[in-house]
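Enquirer: when you get a sec, could you give me coordinates for this:
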Amino acid sequence: MRPSAVLHWPWAALGWGSFIVLHGHAVTVTYALPALLCGLAVAGLLGQVDFSRRPSALEFGMLGFGLAWLIAATFALDPQRALSLSVPAAIALLGALVLPRAHARHPGEAFESTVLALTVLGLGACLQVLLALPADRPEQLVYAVALPWLVVPNDLAWMGCLWPLWWRWSRARKESDGWRVGSVLALSLLLAAALIVLQSRLGLLVLVLAVSTELSSRSRQRRLAVVGAGAIALGVLLLSAWLVPGVFEKSMDSAGARLQLWQAAWGLFVEHPGLGVGPHGFVTAYPEALGSGGLFQQGLIDPRLTPWPHSLPLEILCSGGLLLALASVKLIALLSRAPQGSLPAAVWGSFVLVCLVEASTLRLWFWFWFVLIALPPVSRRAFVPLRLTE
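Expert: Next comes the predicted model:
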């Protein structure tokens with residue numbers, strides 16, 4: 001390789017991909033931000049970032065979201081906490097604004113780099129979880145792995161949202177390579193095993209939803225694909241019930257605890273409808289909302305202090321009020337109308353499920369996905385539908 005070839009490397013994408021992958025261990029996370037800034041700086045110095053074109057409507061939408069976030073944090077109940085914990089949001093906005101401009105000539109480059117980095121990050125987490133066995137409880141596995149972004153078992157649920165992208169990659173050629181399909185199957189089994197030992201019901205549901213939606217939308221034999229997906233879902237449920245006794249009772253308790261947190265989040269929004277309590281202020285404000293709502297008298301299903309309400313829409317409402325909610329809705333509308341295309345429906349559907357019942361702006365992986373959604377996806381490729389003989 002000629003030394004001059006280094007000048008043509010996609011430095012911005014390499015920096016962002018390194019930023020994600022370096023979060024895969026507590027030791028390497030220290031070098032994540034320097035790697036990102038170094039990649040963006042080199043890309044800027046080499047003229048790979050196009051600063052000449054006018055800002056797009058999507059970029060204005062992101063800036064509006066960032067401004068709304070900043071206003072809500074500045075006037076939060078605890079401004080110091082809100083601003084100090086907003087660093088991941090600022091980094092994600094920087095990446096979402098710079099990366100598309102750095103790869104305007106190759107629109108899918110940064111997108112592919114992000115998907116690959118997320119796959120490596122999730123794969124490493126799955127392997128570490130399985131290697132940490134045995135453990136009495138899933139929380140012990142999370143503690144033993146000690147990943148900066150893996151705080152609860154459901155933090156691995158987003159991995160299932162990547163499955164449609166893996167599947168399309170495996171069948172991107174007219175004559176699909178067997179090793180590609182085998183790689184996707186191996187990834188799927190590894191992910192399913194990690195989710196089962198972590199007892200992540202949401203993660204298994206997301207994986208089944210992503211697989212069934214993608215296969216039913218792309219297969220020539222849609223009825224057969226739907227039946228097959230239903231059989232897979234039933235098999236996963238039965239396997240989970242066999243390996244994890246009492247899994248359905250735990251699911252009911254978890255759902256009840258979430259409902260109480262959602263009531264508290266809505267109560268905070270009603271009390272602070274304009275700017276909310278501030279980003280990441282839910283944990284300091286919701287105990288009072290629980291008391292005013294009479295939930296303490298009814299009895300809390302989960303008495304532990306929970307830093308987020310387990311619902312991204314409700315968190316946006318109670319954290320930033322109507323200002324941040326309107327900015328978020330506008331940004332989502334701009335993303336859905338982006339001229340470069342959008343993510344597959346199976347990815348959107350599964351990720352929306354994660355956002356509705358688990359995601360939080362406190363989670364690093366959410367901001368990784370924020371950037372992924374904002375990036376121009378890979379251009380259309382030839383796709384071979386699943387045949388009955390396969």
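Enquirer: where does pLDDT dip in the stretch 101-250 of the chain?
Expert: The stretch 101-250 of the chain contains residues with pLDDT under 70 at 104-105, 173-177, 218-250.
Enquirer: need the helices for it, in chain order.
Expert: Listed in chain order, the helices found in the stretch 101-250 of the chain under DSSP state H, counting those that start in this stretch are 109-131, 138-145, 163-170, 178-197, 201-218, 222-243, 247-271.
Enquirer: in TSV: those helices, plus distance to residue 320 and mean neighbour count.
Expert: Where C-beta positions appear, they are placed from N, C-alpha and C, glycine not excepted. Rendered in TSV, the data for these read as follows (distance: least, C-beta to C-beta, whole Å; neighbours: other C-beta atoms under 10 Å):
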stretch	distance to residue 320	mean neighbour count
helix 109-131	26	20
helix 138-145	29	17
helix 163-170	30	22
helix 178-197	31	17
helix 201-218	25	22
helix 222-243	36	14
helix 247-271	10	17
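Enquirer: output the ones you listed in CSV, with distance to residue 364 appended to each entry.
Expert: Below are these laid out as CSV (distance: least, C-beta to C-beta, whole Å):
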stretch, distance to residue 364
helix 109-131, 10
helix 138-145, 14
helix 163-170, 20
helix 178-197, 18
helix 201-218, 17
helix 222-243, 27
helix 247-271, 21
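Enquirer: which among the ones you listed is found nearest to residue 24?
Expert: Smallest distance to residue 24 across those (C-beta to C-beta): 4.5 Å, for helix 109-131.
Enquirer: got the angle between that closest one and helix 138-145?
Expert: 110 degrees (axes from the mean of the first three to the mean of the last three C-alpha atoms, to 10 degrees).
Enquirer: between the helices of the stretch 101-250 of the chain, which one is nearest to residue 329?
Expert: When the helices of the stretch 101-250 of the chain are ranked by proximity to residue 329 (C-beta to C-beta), helix 247-271 comes first, at 14.7 Å.
Enquirer: buried set for whatever helix or strand comes next after the closest one?
Expert: For helix 247-271, the following helix or strand on the C-terminal side (DSSP states H and E) is helix 282-292. Within helix 282-292, the residues that count as buried by 16 or more other C-beta atoms under 10 Å are 282, 283, 284, 285, 286, 289, 290.
Enquirer: how about stretch 54-68?
Expert: 58, 59, 61, 62, 64, 65, 66, 68.
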